[in-house]
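In: the following comprises the amino acid sequence and a computationally predicted model.
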Amino acid sequence: MISVLLVDDHEVVRRGLRDLLDGEPDIEVVAEAGGVAEALARAGSARPDVAVVDVRLPDGDGVSLCRSLRALTPAPQCLVLTAFDDEQALVEAIMAGAAGYLLKQVRGQDLVNAVREVAAGRSLLDPVTTSRVLDRMRRSAEADELAGLTERERAVLELIGEGLSNREIAERLFLAEKTVKNYVTSVLSKLGMQRRTQAVAWVARRPRA
């Protein structure tokens, strides 16, 4: 039996979640709380396997609560359930040790499955929000890579991405072809690439500003 703590400041939400979860043969809601302090007290006595936590609470936030719950012994798995599609909250929840992050628009059966997943020690994240966060992190990583290039090297990289040859790049930038060749070598080295085609592919998949 999976024991669950519900943390939400709206009683009607908790009641709906209780009815949903208690209707499952392998899940039991053992405690409810309307805020952070009450949740910590209930968790200490009820020792739930899973805590379903709202992000916004009257005396704190669900992310900080997850961090505190994860410090308990035994520590419940935290499933963040929120109405707000907040990328930063997702990142912070993961850093706080949350095993799952779902939007309240999720279907009832999906929530039930999520409780089972996190109780079994697996992670479960809202796919749409996670996709955007990962895309933002990739863009940030690429921006960091570009930070190591000089302004001239960035210009050369963009023209490589357009499929231009060294001679064509030299004409476009009013440089000697040998100078362009040196720039190309430097760009590939800084980006950890061996071949020109890798640079072309890198530019092609990079989101345009």
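Out: Received, thanks. Remember, predicted model here, so these are calculated numbers, not experimental data. Numbers count the residues shown, from 1 in each chain.

In: excluding chain neighbours, what is closest to Gly44?
Out: Computed as Cβ to Cβ, 6 or more residues apart in numbering, the closest residue to Gly44 that is not its neighbour in sequence is Leu72, at 6.7 Å. All C-beta spots, glycine's among them, are computed from the backbone N, C-alpha and C.

In: tell me if that neighbour really is in a helix.
Out: No - Leu72 is assigned coil when assessed by DSSP: H, G, I helix; E, B strand; the rest coil, not a helix.

In: burial of it, as a residue count?
Out: Residues lying near Leu72 (other Cβ atoms under 10 Å) number 14.

In: right, and it touches Ala41 too?
Out: No - look at Leu72 against Ala41 with Cβ atoms under 8 Å: they stay out of range, at 11.3 Å.

In: mind listing the helices for the protein?
Out: Residue ranges of the helices in the chain, as given by DSSP state H, are 11-22, 36-46, 62-70, 87-95, 108-119, 127-147, 151-161, 166-173, 177-190, 196-205.

In: would you confirm that Val112 contacts Glu24?
Out: Yes - between Val112 and Glu24 there is a contact at 5.7 Å, judged by Cβ under 8 Å.

In: which stretches of this protein have low pLDDT?
Out: Flagging of the chain using pLDDT under 70 yields the residue ranges 84-87, 126-145, 207-209.

In: which phi and psi does the residue located most distally from the centre of it have?
Out: Residue farthest from the centre of the chain, counting by Cα atoms, centre = their mean, is Ala176 at 45.7 Å. The phi/psi pair for Ala176 (degrees, to the nearest 10) reads phi -70, psi 150.

In: which positions in stretch 186-201 come out as buried?
Out: Within stretch 186-201, the residues that count as buried by 16 or more other Cβ atoms under 10 Å are Val187, Leu188, Leu191, Ala199.

In: contacts for stretch 74-84, please.
Out: 5, 8, 43, 47-56, 62-63, 65-66, 69-70, 89, 93, 96-106, 111, 114-115, 118-119, 121, 124 (Cβ atoms under 8 Å, 6 or more residues apart in numbering).

In: in it, what counts as buried?
Out: Across stretch 74-84, burial judged by 16+ other Cβ under 10 Å covers Pro76, Gln77, Cys78, Leu79, Val80, Leu81, Thr82.
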